[in-house]
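**Student:** just a sequence and a predicted model for now, questions to come.
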Amino acid sequence: MASGDGVWRCCHPIFACFVSDYPEQALVTCTYYGHCPKCLVPPDQLGKPNTFPSWDYCQALNLYSLADGDVRPFHAACHEA
């Protein structure tokens with residue numbers, strides 16, 4: 001990239017933010033289309049000005065910890081969640 005003084009420098013940009021609309025958010029977060037990647041809003045309430053509780057990311061991390069070794073308990077826990 002060219003710096004402010006006009007010198008070309010090798011740089012490694014950091015992916016610091018991601019601005020997207022709903023379909024891209026669903027794609028990036030690997031969630032089902034029609035479900036919110038941030039909160040527990042019912043699909044029929046998407047776009048309404050109501051507030052809903054956030055997803056429980058601790059539960060997701062606990063499920064992910066089951067993925068070491070045998071994946072069957074991990075898949076069963078994911079299906080149940």
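**Tutor:** Ah, there it is.

**Student:** quick one, phi/psi of the residue nearest to residue 32 when sequence neighbours are not counted?
**Tutor:** Nearest residue to residue 32, sequence neighbours excluded (C-beta to C-beta, 6 or more residues apart in numbering): residue 26, at 7.2 Å. The way it works is simple: take the backbone N, C-alpha and C, and place the C-beta from them, glycine included. For residue 26, the backbone dihedrals (degrees, to the nearest 10) come out as phi -60, psi -40.

**Student:** could you report the distance from residue 26 to residue 46?
**Tutor:** Separation of residue 26 from residue 46 (C-beta to C-beta, to the nearest Å): 11 Å.

**Student:** comparing these two, which residue is more hemmed in?
**Tutor:** Neighbour totals were compared for residue 26 and residue 46, and residue 26 leads with 17 against 11 (other C-beta atoms under 10 Å).

**Student:** what sits against that one?
**Tutor:** 32-33, 35, 37 (C-beta atoms under 8 Å, 6 or more residues apart in numbering).

**Student:** could I get these as JSON lines with pLDDT and neighbour count?
**Tutor:** Listed next are the contacts of residue 26 as JSON lines, based on pLDDT from 0 to 100; neighbours: other C-beta atoms under 10 Å:
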{"residue": "32", "pLDDT": "75", "neighbour count": "10"}
{"residue": "33", "pLDDT": "79", "neighbour count": "9"}
{"residue": "35", "pLDDT": "79", "neighbour count": "15"}
{"residue": "37", "pLDDT": "74", "neighbour count": "14"}
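
**Student:** nearest spatial neighbour of the residue most central in space within the chain, chain-adjacent residues omitted?
**Tutor:** The chain has residue 29 as the residue nearest its centroid, 3.1 Å off, counting by C-alpha atoms, centre = their mean. Leaving out its chain neighbours, the residue that sits closest to residue 29 by C-beta to C-beta, 6+ apart is residue 37, at 3.8 Å.

**Student:** confirm that that neighbour sits in a strand.
**Tutor:** No. The assignment for residue 37 (DSSP: H, G, I helix; E, B strand; the rest coil) gives coil, which keeps it out of a strand.
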